[in-house]
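Peer 1: Next one to model:
(one chain, ligands or ions: 2)
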Amino acid sequence: MTRLIIDTDPGIDDAMALFAALASPELDVVGLTTVFGNVTVETATRNALTLLDVAGRADIPVAPGAAAPVAMDYRGAIPQIHGEDGLGDGGELVAPSRAALDITAAEFLCREAPGATLLAIGPLTNLALALRLRPDLDTLVEQVVVMGGNALGPGNATPAAEANMWNDPEAADVVFGARWPVTMVGLDVTHEVVLPGAGIDELTRRDTATARMLAQAVPLYRDFLAEVNGLDGIYLHDPSAVAYLLDPGLFRTERWPVRVETQGISRGKTWPSLGNTDDAAPAAWQGRPPVNVCVGVDAPAVLDLLRARLS
Ligand code: RIB
Ligand code: CA
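Peer 2: Ligands and ions are numbered 1, 2, ... in the order given. Okay, here's the model as predicted:
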């Protein structure tokens, strides 16, 4: 069983990822750490506590994290995608049954991450801050699975950058350059994992607390994607990172060192050094361990896996 900490900015697809992880016996979720991104960190923290209540897992601690990126102001929430409440504005959210921990996400990671796997499905600020607090942490963590980045294709937050990387490029560059094993589950594969409308209806019509929560949360995200991308369905960005943890064989990966752009109009773009080993890589990529970059996915199999876990 994998001891797992989820760093999250819930967020509608974060909620789906959390429910899929909690429904997977292979994963022992021992804590959530929250971060700004889709919503403010205050809202992310309230939503994390509420989602755990809905899933009947109020035993799992939540540590509140960063309210802003390490090197710039927080750009603000994206209510047009995730709602003012961060969970689709689809109805009243029951107040959390308990409070979050009184230690920060970075402190929680320093204490609990050794020997654990980190699933990072928001901006990477908390992980970078934890490394600053405990510089040997990257030698003690099993692995880091990141939903974020775009190795070979365009961004979604800007033409250049994916949202989680765009929200804190400096933190992301630190995380991709540290010594822990990192897998990048980026838009190159998550844009292939689309849950169609019929699949959404199937998931949300069940009479369970989690299905009712998703029935409340998903419509706004679905409508946004229909209107902006002409999509019939939703991208399962964060749940795809859970699928990687459950069955990495469903993904094709390359091992490339990755830098994250921190300047100019491409700020947040993840740049792999394609095909280069360390000494042959250009200077800016040298001395950085290769990242396990997902470049292909068996999307139907990932969808089947996630629908099974979410059902
Ligand atoms: O680009 C998609 C990512 O940004 C997902 O984690 C989504 O929740 C948003 O945080
Ligand atoms: Ca997220």
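
Peer 1: Run a quick neighbour tally on Thr45.
Peer 2: A total of 26 residues lie near Thr45 under the criterion other CB atoms under 10 Å. C-beta: built from backbone N, CA, C; applies to glycine.

Peer 1: go on, Ala209?
Peer 2: Ala209 has 13 nearby residues by other CB under 10 Å.

Peer 1: Excluding chain neighbours, what is closest to it?
Peer 2: Val54 (5.0 Å; CB to CB, 6 or more residues apart in numbering).

Peer 1: Could you do Ala95 as well?
Peer 2: For Ala95, the spatially nearest residue (CB to CB, 6+ apart) is Thr50, at 7.6 Å.

Peer 1: Now do the one you found against Ser266, distance only.
Peer 2: 36 Å (CB to CB, to the nearest Å).

Peer 1: burial measure for the closest residue to ligand 2 within the stretch 201-311 of the chain, as a count.
Peer 2: Of all residues in the stretch 201-311 of the chain, Asp238 sits closest to ligand 2, at 4.9 Å by CB to the ion. Asp238 has 30 neighbouring residues, counting by other CB under 10 Å.

Peer 1: my read is it is in a helix, agree?
Peer 2: Yes - the assignment for Asp238 is a helix, going by DSSP: H, G, I helix; E, B strand; the rest coil.

Peer 1: Please list all residues in contact with it.
Peer 2: By CB atoms under 8 Å, 6 or more residues apart in numbering, the residues touching Asp238 are 8, 11, 13-14, 16-17, 121, 147.

Peer 1: so the residue nearest to Ala95 touches Leu93, yeah?
Peer 2: Yes - here Thr50 reaches Leu93: they are 5.5 Å apart, a contact under CB atoms under 8 Å.

Peer 1: Setting the sequence-adjacent residues aside, check what's closest to Asp28.
Peer 2: Using CB to CB, 6+ apart, the nearest residue to Asp28 is Met1, at 4.8 Å.

Peer 1: so what's the one you found scoring on pLDDT?
Peer 2: For Met1, the model assigns a pLDDT of 92.

Peer 1: Likewise for Asn276?
Peer 2: Listed pLDDT for Asn276 reads 69.

Peer 1: I'd like to know how far the residue in the chain positioned nearest to ligand 1 sits from Ala157.
Peer 2: Ligand 1 sits closest to Ala163 of the chain, with a gap of 3.6 Å, by CB to the nearest ligand atom. Separation of Ala163 from Ala157 (CB to CB): 4 Å.

Peer 1: hmm, back to that, near ligand 1 too, which of the contacts of Asp238?
Peer 2: 11, 13-14, 121, 147 (CB under 6 Å from any ligand atom).

Peer 1: List just the nearest of the contacts of Asp238 to Ala106.
Peer 2: Thr8 (14.7 Å; CB to CB).

Peer 1: Is there a neighbour count for the closest one? I'd like the number.
Peer 2: Thr8, neighbours per other CB under 10 Å, totals 31.
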